[in-house]
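1. Build me a model:
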Amino acid sequence: MDYLVDYIMGLPAQAVFTGPITSFLAKHGIVTSSNILANLHSVIYVAEAYHLVFLVSQWILFPPLVRWRLSHDADKSPRRYNDLLNQSAVHFVSLVQSFVILYLSLGYIRDHGTSTHPTPESRIFSESAETNVICVFAIGYFVWDALISLVYSSLPFVVHGVVSALMFTIGLKPYIQYYAPAFLLFELSNPFLNFRWFGIKFMPQLSAENQSTSAAVCNVIQLLNNVMLICIFFGARIAWGWLKIYELAFDFYKVRNDPRFLFTESLVIVSGNFILDVLNVVWFSQMASVAKRIILKRGRVQDKPATEAHC
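-> I've put the predicted structure just below:
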């Protein structure tokens, strides 16, 4: 993992970044941070790397699996094929990036905390090479996520990508870099969320028509994953998320008279995190509704007719 991260961060900027683009952004005051301008090419490389994963998934990894799945499905239409293929690729990229960003964030949090950043000034205004990398990888993914969501997803996911990219771009200025890994712990729920999606789409589903052993075993696996998902989603995105936005807002309040304090950026960060926290509450309520339906189905993850492939 370290090799891949170092490789991407070590790629040189193309002439278009060191010349026309950065000059235009700086000249017109669109981007005033030298650190953002210096890392802009790395953000683009990260976004391109995730899109490469998407294309490999879309054209190589998932076509055989999707064809196998639909060969035993009543709906074999091209639209059904394309929808399942594209969503599989999107979820796979989401899964990959969660492992990458959690590796970087947990590695930083393991060695840093209030002992290394004891004052609000150190937590708001400090920067490091590690947090720069974390911000670059976060921005690169969320830019890709917002763009791909315009094509394959819904408005809340577009908003999530845009707001997240904006907040971590502010972090790259640098500003509140200490908090970047903390907020990225939201991604702890992501692997379980994606495993749930893949399980529903590709695993045998226990139903009145399908009582096979394989369906029963897969149903237990999915139920355990769902329990972990709900617990970790609540812990990482609700409890931890609201705690961290409170701590961040309080730190902002304590450094409000510091000449380095950025009122507009601070307002954007607090507002953006509040929006994300509200979205997380909405998504958690939807998950709770799904859990209630599963309980009413006596533990069946999903009711659907058995197919030849799912027996």
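2. Break down the stretch 51-200 of the chain into its helices, ranges please.
-> 62-71, 78-111, 120-125, 129-152, 155-171, 180-183, 190-202 (DSSP state H, counting those that start in this stretch).
3. any chance of those helices in a markdown table, with mean neighbour count and mean pLDDT too?
-> (Glycine included, C-beta is placed from N, CA and C.) Listed next are the helices of the stretch 51-200 of the chain as a markdown table, based on neighbours: other Cβ atoms under 10 Å; pLDDT from 0 to 100:
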| stretch | mean neighbour count | mean pLDDT |
| --- | --- | --- |
| helix 62-71 | 16 | 90 |
| helix 78-111 | 17 | 93 |
| helix 120-125 | 18 | 93 |
| helix 129-152 | 21 | 94 |
| helix 155-171 | 20 | 87 |
| helix 180-183 | 23 | 92 |
| helix 190-202 | 18 | 90 |
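4. I'd like these written out as a markdown table, with distance to Tyr45 added.
-> Below are these laid out as a markdown table (distance: least, Cβ to Cβ, whole Å):
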| stretch | distance to Tyr45 |
| --- | --- |
| helix 62-71 | 24 |
| helix 78-111 | 13 |
| helix 120-125 | 27 |
| helix 129-152 | 7 |
| helix 155-171 | 15 |
| helix 180-183 | 19 |
| helix 190-202 | 22 |
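5. which stretch among the ones you listed comes nearest Ile238?
-> Among the helices of the stretch 51-200 of the chain, the nearest to Ile238 by Cβ to Cβ is helix 180-183 (13.3 Å).
6. Take the closest one, keep the C-alpha atoms, and write them as PDB.
-> The C-alpha coordinates for helix 180-183 follow below in PDB (Å, rounded to 0.1, in the frame of the first residue of the first chain):
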ATOM      1  CA  ALA A 180      -9.000  15.100   8.400                       C
ATOM      2  CA  PRO A 181      -8.100  11.500   9.400                       C
ATOM      3  CA  ALA A 182     -10.700  11.700  12.200                       C
ATOM      4  CA  PHE A 183     -13.600  12.500   9.900                       C
END
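7. quick check, distance from that helix to the centre of its chain.
-> 12 Å (Cα atoms, centre = their mean, to the nearest Å).
8. next one: stretch 129-146
-> The answer for stretch 129-146 is 10 Å, by Cα atoms, centre = their mean.
9. Could you check how far Leu229 is from Ala236?
-> 10 Å (Cβ to Cβ, to the nearest Å).
10. more neighbours, those two?
-> Shown here are Leu229 and Ala236; by other Cβ atoms under 10 Å, Leu229 has more neighbours (21 against 18).
11. State whether that one and Asn190 are indeed in contact, as I suppose.
-> No. If you go by Cβ atoms under 8 Å, Leu229 and Asn190 don't touch, sitting 9.6 Å apart.
12. For Leu224, the count of nearby residues, please.
-> There are 11 residues near Leu224, going by other Cβ under 10 Å.
13. actually Thr116, sorry about that
-> Around Thr116 there are 12 other residues, counting by other Cβ under 10 Å.
14. mind showing which ranges of the stretch 201-311 of the chain have poor pLDDT?
-> 204-211, 294-311 (pLDDT under 70).
15. OK, contacts around the closest residue to Glu127 other than its chain neighbours?
-> Spatial nearest neighbour of Glu127, excluding adjacent residues (Cβ to Cβ, 6 or more residues apart in numbering): Pro174 at 3.6 Å. The neighbours of Pro174, taking Cβ atoms under 8 Å, 6 or more residues apart in numbering as the test, are 33, 35, 125-127, 131-132, 135.
16. Looking at those residues, which two lie furthest apart in space?
-> Farthest apart among the contacts of Pro174 by Cβ to Cβ are Ser33 and Ser126. That separation is 15.4 Å.
17. All the helices of the stretch 201-311 of the chain, residue numbers only.
-> With helices called from DSSP H, counting those that start in this stretch, the stretch 201-311 of the chain shows them at 213-233, 240-254, 263-296.
18. Can you redo the ones you listed as a markdown table, where the extra columns are distance to Tyr179?
-> Converted to a markdown table, those look like this (distance: least, Cβ to Cβ, whole Å):
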| stretch | distance to Tyr179 |
| --- | --- |
| helix 213-233 | 20 |
| helix 240-254 | 6 |
| helix 263-296 | 9 |
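19. circling back to that earlier point, any residues in contact with both of Leu229 and Ala236?
-> Contacts common to Leu229 and Ala236, judged by Cβ under 8 Å, 6+ apart, are Ser189.
20. OK, contacts around the residue lying closest to Ile21 once chain neighbours are set aside?
-> Among residues not flanking Ile21 along the chain, Leu40 sits closest, at 7.1 Å (Cβ to Cβ, 6+ apart). By Cβ under 8 Å, 6+ apart, the residues touching Leu40 are 13, 17, 21-22, 25, 31.
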